[in-house]
Each structure stands twice: as structure tokens, then as C-alpha cells.
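[1] make a model of this:
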Amino acid sequence: MKKVLDPISKLFISSKAKAQRKVLTEGALPRGGKVGDFLPLFKGRDQMGRKVKSEELPGRLSKLIFLSDSCGSCVEVLKQLAGYSQRNHFLVLKGDPEPYSDADLGDISYKFPILRSSKIIEMFGIQRVPTVVTVNAEGRIESVDELANPGQLGSSLELSSPTWPSRDQGLPLGSLFPEGMVGEEGGIVLFLSTDCLSCLDIFSKLSTLIETWPAKRTILYIQGDESKVNKLVKEYRITSPFVLYGPDQREKLKTSVFPYLYLLSGDGYVLSKGTVRDAKELESLVNMQKEPIYD
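    This is a model prediction of the structure:
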């Protein structure tokens with residue numbers, strides 16, 4: 001199988017999607033922290049040095065959680081987040097640490113992303129913390145919830161929120177997958193990115209999952225720098241065939257949001273499809289053969 005190197009592989013989204021967002025920005029859409037606004041434009045690095053860009057969050061992260069180092073309730077929220085099983089759909093934002101303070105050093109102990117920037121908090125107009133901002137797949141703010149009690153966090157983080165739609169993109173149901181190589185019981189086509197937190201969760205468990213589907217053929221389309229892709233494949237001992245997902249594939253398969261799953265019939269037709277939140281949901285969807293995945 002031919003591998004194609006993606007020249008913009010470090011981006012989470014396709015050039016077409018970026019062009020669309022540029023048009024929206026130039027159209028002076030309202031950006032801010034109020035319900036109905038589009039996300040303010042910001043960028044930075046989390047506690048692990050990973051890049052975070054606001055225009056790349058929609059469709060991947062649905063919750064922005066604003067906290068403070070000096071807030072007792074925020075400390076309780078952090079403890080809850082540390083034990084939360086779904087760590088790949090939210091981003092914690094805090095202000096810059098106080099001068100001569102080492103409060104930010106504690107961020108490294110958390111596995112979920114934490115971004116520090118007082119400027120970004122001002123962009124959203126956050127007055128009180130903890131506050132949870134819910135963002136839909138198009139980048140529009142759907143709700144702003146101030147947590148009077150840390151016990152309210154669980155309901156605020158429900159994955160059933162409509163801000164995590166299993167979006168309908170790519171090839172239509174019933175169509176023939178153009179590069180479908182299937183097994184006795186059909187095929188699994190999975191689109192992943194090396195810079196997607198949800199994708200990394202899937203990468204870490206994929207080898208074990210594939211062993212439970214011996215009658216199905218699994219094909220991976222991976223967006224990312226070639227060296228990073230090869231490193232992940234080697235690290236997690238993934239033996240399924242994979243293709244570096246570049247412009248040629250995007251033009252043909254029209255998939256730009258990751259992780260994304262197609263389930264194929266034995267003769268290569270699309271039975272169901274949709275976004276996937278994590279490895280646990282991937283396993284459930286493949287085993288259940290739920291149809292359709294998306295709304």
C-alpha cells in the first residue's frame with residue numbers, strides 16, 4: 001500500500017476547513033465568551049509543551065474548564081478531573097502563575113491538558129471560577145456554567161452533550177469504499193491523527209482491540225509527520241496496514257475530523273460511520289455494529 005506524506009501533517013484540520021474558518025473570521029463573526037459567540041482566536045502550549053490552537057478545538061474538545069490556583073472549589077474540581085475516565089474531551093485553562101510562585105509546576109502531574117494564560121481568560125470574560133464553557137462542533141459556545149458546587153462537575157461533563165455529535169462527513173452510507181480491502185466479516189477503516197488526544201487513546205489500545213476482530217480487516221489512515229506516525233506504530237506494536245493521510249486521500253475520502261470510523265460490509269460497502277471519542281467507544285461500536293453511528 002502506497003504511503004503519502006502529508007505536507008501539512010501537523011495540522012489537525014484540512015486546508016479546506018481552514019479556508020472556511022478564515023472566511024468566517026473575515027466575516028466578523030462574533031467571537032467571545034458568551035453563548036452564541038464563536039471561540040476567541042488564541043493559541044498556546046499546555047503543561048507538556050503541546051500546541052493548543054482555538055481553531056483546531058471544535059469537533060475534538062467540547063469543554064473548556066476555567067480554574068484558579070487560589071480557589072478551593074477549583075482544587076476539588078482538579079481532583080475530580082484526575083479521576084475522570086474521559087480525559088480527552090476537555091481543556092483546563094488557568095491564569096498566569098503569580099510572580100515567584102511555582103503553582104504551575106503542579107500542572108505536570110495531570111494527564112489532561114492545562115493551558116495557562118490570563119490573556120485568554122480575559123478574552124472569554126470569565127469573572128468567577130470554576131466555570132465550564134461548552135463548545136459545539138462548529139466552534140460556537142452553547143453554554144457557560146458557573147459551578148456553585150464542585151459536585152455539579154459531573155453533569156457538566158456529560159458526554160451525551162450535543163456538542164460531541166457523531167458528525168456525518170465523508171462517504172455516504174451504502175457507497176462503495178474506494179480502497180476497501182475487507183475480511184470475512186467486513187472491514188474497519190479508522191482515521192487517526194498523531195496530534196489528537198482522542199486518537200492517542202485509541203493508538204495505545206488499538207493492537208489489543210484488533211486481535212479481538214480477527215475476521216475483520218482493519219485499515220488505518222493516519223495524519224501526521226511520517227516519523228511521528230512510524231514511532232507510534234512501532235511503540236504500540238500496530239501491525240495493521242496504514243496509509244499516511246494526505247491531500248490526495250482527503251480529496252477522495254473527504255474526512256477531516258478525527259478519530260473517524262467506517263464499518264464496511266464483506267463486499268466493501270459502508271454500513272455505518274461516525275466520529276469516535278475514545279478506544280472504549282471504538283470497541284463498543286465495532287462489536288455492536290451499531291447502524292448508523294451518526295445522528
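[2] OK, contacts around Phe42?
    Applying Cβ atoms under 8 Å, 6 or more residues apart in numbering to Phe42 gives the contacts Lys53, Ser54, Ser117, Lys119, Ile120, Met123. (Each C-beta comes from the backbone N, C-alpha and C, glycine too.)
[3] in terms of contact, does the first one touch Lys43 like I think?
    Yes - with contact defined as Cβ atoms under 8 Å, Lys53 counts as touching Lys43 (4.5 Å).
[4] so where is the stretch 101-250 of the chain shaky, pLDDT-wise?
    Confidence mapping of the stretch 101-250 of the chain against pLDDT under 70 gives the ranges 158-168, 179-184.
[5] do a quick rundown of the strands in it.
    Using DSSP state E, counting those that start in this stretch, the strands of the stretch 101-250 of the chain run over residues 114-116, 131-135, 141-146, 187-193, 217-223, 242-244.
[6] nearest to Asp96, of these?
    Distance to Asp96, taken as Cβ to Cβ, is lowest for strand 114-116 among the strands of the stretch 101-250 of the chain, at 5.8 Å.
[7] that's a strand at Pro40, yeah?
    No - assessed by DSSP: H, G, I helix; E, B strand; the rest coil, Pro40 does not belong to a strand; its assignment is coil.
[8] I figured it hits Glu122, correct?
    No - taking Cβ under 8 Å as the contact criterion, Pro40 and Glu122 are not neighbours in contact, 9.4 Å apart.
[9] looking at those two, which is more packed in?
    Using other Cβ atoms under 10 Å as the criterion, Pro40 and Glu122 rank with Pro40 on top: 16 against 12.
[10] hang on, Val52 in a helix?
    No - residue state for Val52 (three-state DSSP) corresponds to strand; a helix is not indicated.
[11] Gly268 reaches Ser175, doesn't it?
    No - distance between Gly268 and Ser175: 9.7 Å, which falls outside the contact criterion (Cβ under 8 Å).
[12] ok, these two, which is more surrounded?
    Gly268 (18 against 12).
[13] ramachandran coordinates for the more buried one?
    The phi and psi torsions at Gly268 (degrees, to the nearest 10) take the values phi 90, psi 10.
[14] how much space between Gly95 and Ser73?
    Counting by Cβ to Cβ, to the nearest Å, the gap between Gly95 and Ser73 amounts to 16 Å.
[15] then Lys51?
    Relative to Ser73, Lys51 is positioned 29 Å away (criterion: Cβ to Cβ).
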